[in-house]
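# One predicted model, sequence on top.
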Amino acid sequence: MRFHASWIGLLAALPQALASSALYSTDSTSSSLNAESKHVETLYQFPNNGSWVDNLALRSDGSLLFTLLDAPEVWSVNTASGNASLVHSFPNATSCFGITEIDDDVFAVVVGNFSTKTYKPTAGSFSVQKLDFSRGGSKKEDRTLAHPAASKIAALPEAQALNGMTSFTRKSHLVLIADSPKGAVWKVNTKTGDYGVALNDTTMLPAEGQALPLGINGLRVVDDYLYYSSTTRMQFCRVKVDHEANAAGDYEVIASGFLPDNMDVASDGTAYIATDPQNSVVRITPKGQISLVAGGQLSTQIPGPTSCRLTPDGKTLYVGTSGGQVAPVLGTFKEPGKVVKITLA
Ligand SMILES: *[C@@H]1O[C@H](CO)[C@@H](O)[C@H](O)[C@H]1NC(C)=O
Ligand SMILES: *[C@@H]1O[C@H](CO)[C@@H](O)[C@H](O)[C@H]1NC(C)=O
Ligand SMILES: *[C@@H]1O[C@H](CO)[C@@H](O)[C@H](O)[C@H]1NC(C)=O
Ligand SMILES: *[C@@H]1O[C@H](CO)[C@@H](O)[C@H](O)[C@H]1NC(C)=O
Ligand SMILES: *[C@@H]1O[C@H](CO)[C@@H](O)[C@H](O)[C@H]1NC(C)=O
């Protein structure tokens, strides 16, 4: 409960004007609540409060995979019909975190123990697992329906709490994983299972004086840069990296002053960031200008958004939510977690 209280404290500390200030200037395409609600539709929602969608990954067949924090599960939702189904449940764990494609229709998933009641992770419980959909039947329908083959890539007993994950280059076979309390990025070779710390910096550490030790959270690689969110520092940052994912430039703060969870970054460097307790998705230009895409501090449109995933054409944004568990809207409103489709263009 200590951790929950700290979130509320953190929110109370935010300038009240933040949600409606010029900083959050509303898009021309969503200048009224009506216009906004038209381009946001729920694809799938769980029946129960407490369900918590954590991260998203697109499959090449257009379906969307998502991980749950309140169960050690990966689900799939058909983005045309909204039909959702359980894809895999991992034994010996409570939660799934980051998910990323590492080869054609092969995905890596961060699995570990975390309490959605106390927000406490179990240090030493984290591993990276593989879900291989590529060995299904030869017909497209069979592949789409097939359950993937699951296997372990690596256990990381030294990790404190693994969180978001992104693929580095296909050639390197590396995935990069945020360790939120440690303030570091691990790299894991998905072929050999070798791992080590690739990056660490003050911008990745949890903010001082916060009971919730949540620093670096989501990450994405675009061109030669690793983009990352640092939650309790309220910063969105990037660092240039070399071919082994070591720092090759300064750690830069692109934007700050909001609570970033997981995000996606388009090829031109435009970021879409879920702000979890602030109940919104914001767009950040490469120069750091912030605008509101959907939701809002006092809006019940997308309570507790945790993650964003852009389609390759950049026209659609999928958003996962926790239903507002971390900080109920207006202190009271919660709903079951859901996956939302936002049409951007
Ligand atoms: C969605 O799933 C239900 C139940 O499995 C099935 O009856 C229905 O045909 C599916 N809808 C589509 C559009 O695939
Ligand atoms: C993680 O959680 C699972 C399921 O509750 C439990 O069986 C396992 O012992 C836990 N592992 C650790 C390291 O606490
Ligand atoms: C469960 O996880 C713990 C900690 O990650 C590990 O030590 C143990 O071997 C695992 N047990 C099984 C049955 O996989
Ligand atoms: C980064 O890691 C090095 C080596 O473990 C350590 O000495 C340093 O204090 C770390 N820096 C930060 C900002 O955590
Ligand atoms: C979820 O919780 C809220 C209040 O916290 C309640 O109003 C709502 O009915 C619950 N929804 C479900 C599906 O249980």
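Nice, I can see it. Numbering: from 1, shown residues only. Ligands and ions are numbered 1, 2, ... in the order given.
# which residue packs closest to residue 260, ignoring adjacent ones?
residue 229 (3.5 Å; CB to CB, 6 or more residues apart in numbering). C-beta coordinates here come from the backbone N, C-alpha and C atoms, glycine included.
# so how far is ligand 4 from the one you found?
Distance, residue 229 to ligand 4, by CB to the nearest ligand atom, to the nearest Å: 17 Å.
# what's the answer for residue 309, then?
29 Å.
# Equivalent analysis for residue 88, please.
34 Å.
# And that residue, how far from ligand 2?
Counting by CB to the nearest ligand atom - residue 88 and ligand 2 are separated by 16 Å.
# in the sheet, who's paired with that residue?
residue 74 (DSSP bridges).
# What count of nearby residues applies to residue 78?
A count of neighbours around residue 78, defined by other CB atoms under 10 Å, yields 16.
# That one: what's it in contact with?
Each residue near residue 78 by CB atoms under 8 Å, 6 or more residues apart in numbering is listed here: 63, 84.
# let's see it at 7 Å
Residue 78 makes contacts with residue 63, as judged by CB atoms under 7 Å, 6 or more residues apart in numbering.
# Double-check that residue 203 belongs to a strand.
No: Residue 203: not assigned to a strand; according to DSSP: H, G, I helix; E, B strand; the rest coil it is helix.
# so it touches residue 237, yeah?
Yes: the criterion here is CB atoms under 7 Å, and residue 203 meets it with residue 237 at 5.0 Å.
# Mutual contacts of the two, please.
In contact with both residue 203 and residue 237: 230, 251, 253, using CB under 7 Å, 6+ apart.
# Now, these that are in helices?
The helices in this structure, assigned by DSSP state H, contain none of those.
# Could I get the full set of helices for the stretch 51-200 of the chain?
140-145 (DSSP state H, counting those that start in this stretch).
# Against ligand 4, how distant is residue 251?
From residue 251 to ligand 4 the distance is 10 Å (CB to the nearest ligand atom).
# so who does that residue touch?
201, 203, 237, 239.
# cutoff 8 Å now
201, 202, 203, 237, 238, 239.
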